[in-house]
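1. Take this sequence and fold it.
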Amino acid sequence: MSISERRRTRFLSDGGDSAGALLADVDVHGFSQVKTNSPVARLPDADWVRAMDAPDRHDTMVEATELAQNNEYKSYHSGVVIASYCVVAVVAVLAARDVQKQRAARPGGVSADLVGAAAGKDGVSRFALGLGRLFWLLFGVFFVGYHLCYENILHHTDGMEYLSDWTIVLLCFVMGLLSWHSLVKDPEGSVPGWVTELAVIAYAVAWSSNIMSTVGAWYSFFFYPICETLEGVNNWPWCYLEWYRLTEHGLNMLVLLGDWRWGCVPLRRKDLGWSVLFLEVYALWAWYLMFKTGRCPYDMFDFATGWGELPWLMAALGGIAICHALARWAHVRRDDAAGRDPEGEGGGTLPTRARQGGGYKSLDGSG
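-> Next up, the predicted model:
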């Protein structure tokens, strides 16, 4: 759906003491069309002044939010809504059964020592790897506190609306779990087994979801700009070059690639289903936002696009499976070259030369 087909808003001041008329034009595949200047559709005076005197372009999101709350789509095609929920339910069952089947076929876990170990490349020791992972955890705390909370409160930015917000938070959370494994002296005795399993699963989901959000963002940048949707103004390309968007769609992949090169965490086939379920949870969140505010973060989840939403939804679910497969292919090549089981099993062993004093250090013996 092009930007011209999305809801368009225009505020007209009448020069008097009142707020002025709000003209809302909704024209989305014939779903609902509202054109009114009645008092019901007007914004309160205080909100009008706040919107018109916005100190920077981020505050245009105030107008979009107010419009969405006061002029929601009257209805969605019931068939599209029902079919979308059915697709999500069926795929969720298939994903859960795949996880169950794969875990039954390969029930072994991953060694906590292996999760914390360094690969011994480029002189990066286990301790240095742990510090790097800890740094990204702390960066995540800053990112959530400053951008997702502080900036969102001040300027009504995106909060947790977009998939990339979820993926960067997940990535930093994963780095925190991995740093625990790297920095403690005896991870096998200090880190609970369920934490290690959670870290490995979340690592796989972080890879697939971050690849998907990054590819999608740069595809949008070149072929499908949505600056008006993102920030309320058409200021391409700058809306894509904000520091937080470069973090979510560039720096995130550098962090993952660094851990892939210097770490030893496996990316397992049996964790594919978790990536699909993660995206489905986000889809439910996007639909919740749509029903609450009248605005969907992505066209691929937007019921207002009609039956065209279904192919996009299925493509997204298939796409994250492909992203998992690509990430696993890279990890299998890495682990095969190092003589490790790509599933992290067989006791999760590194080659004999990597064991020192009963714990994993790095492949070259440095630690």
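2. any idea which residue sits dead centre in the chain?
-> residue 167 (2.9 Å; CA atoms, centre = their mean).
3. wait, doesn't that residue sit right on residue 207?
-> No - if you go by CB atoms under 8 Å, residue 167 and residue 207 don't touch, sitting 9.8 Å apart. Heads up, the C-betas are built off the backbone N, CA and C, glycines and all.
4. Spell out, range by range, the helices that occur in the protein.
-> Applying DSSP state H to the chain gives helices spanning 45-52, 60-70, 78-105, 112-116, 126-143, 152-155, 163-183, 187-190, 193-223, 227-231, 243-246, 252-262, 272-293, 309-338.
5. ok, and which of the ones you listed has the densest surroundings?
-> Mean neighbours per residue, mean count of other CB atoms under 10 Å, is largest over those for helix 112-116, with a mean of 27.
6. List of residues touching that helix?
-> Outside helix 112-116, the residues within contact range by CB atoms under 8 Å, 6 or more residues apart in numbering are 126, 130, 178, 180-184, 187-188, 191, 193, 196, 199-200, 264-266, 340, 344, 348-350, 359-360.
7. now that helix: how far from the chain's centre is it?
-> Distance, stretch centre to chain centre, for helix 112-116: 26 Å (CA atoms, centre = their mean, to the nearest Å).
8. how close does residue 85 sit to residue 273?
-> 19 Å (CB to CB, to the nearest Å).
9. and if you look at residue 130?
-> 29 Å.
10. cool, residue 337 as well?
-> 27 Å.
11. With residue 162 instead?
-> 23 Å.
12. Equivalent analysis for residue 138, please.
-> 31 Å.
13. and the chain, what are its domains?
-> 3-70, 78-360 (automatic domain parsing).
14. roughly how far out does the longest one sit from the chain middle?
-> Between the mean C-alpha point of domain 78-360 and the mean C-alpha point of its chain there is a distance of 7 Å (CA atoms, centre = their mean).
15. from here on, count from 616
-> From this message on, residue numbering opens at 616, which makes the last subject domain 693-975.
16. Can you pull out the low-pLDDT segments for the stretch 666-815 of the chain?
-> The model of the stretch 666-815 of the chain has pLDDT under 70 over residues 666-690, 770-773.
17. which residues touch residue 820?
-> Contacts of residue 820 by CB under 8 Å, 6+ apart are 785, 886, 889, 890, 893.
18. quick one: which two of those residues are the most distant?
-> Spatial extent of these (CB to CB) is set by the pair 785 and 886 at 13.4 Å.
19. before we move on, back to that, can the helices of the chain go into a markdown table with extra columns for distance to residue 915?
-> Shown next, in a markdown table, are the helices of the chain (distance: least, CB to CB, whole Å):
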| stretch | distance to residue 915 |
| --- | --- |
| helix 660-667 | 29 |
| helix 675-685 | 19 |
| helix 693-720 | 10 |
| helix 727-731 | 34 |
| helix 741-758 | 25 |
| helix 767-770 | 23 |
| helix 778-798 | 10 |
| helix 802-805 | 40 |
| helix 808-838 | 9 |
| helix 842-846 | 13 |
| helix 858-861 | 19 |
| helix 867-877 | 20 |
| helix 887-908 | 9 |
| helix 924-953 | 3 |
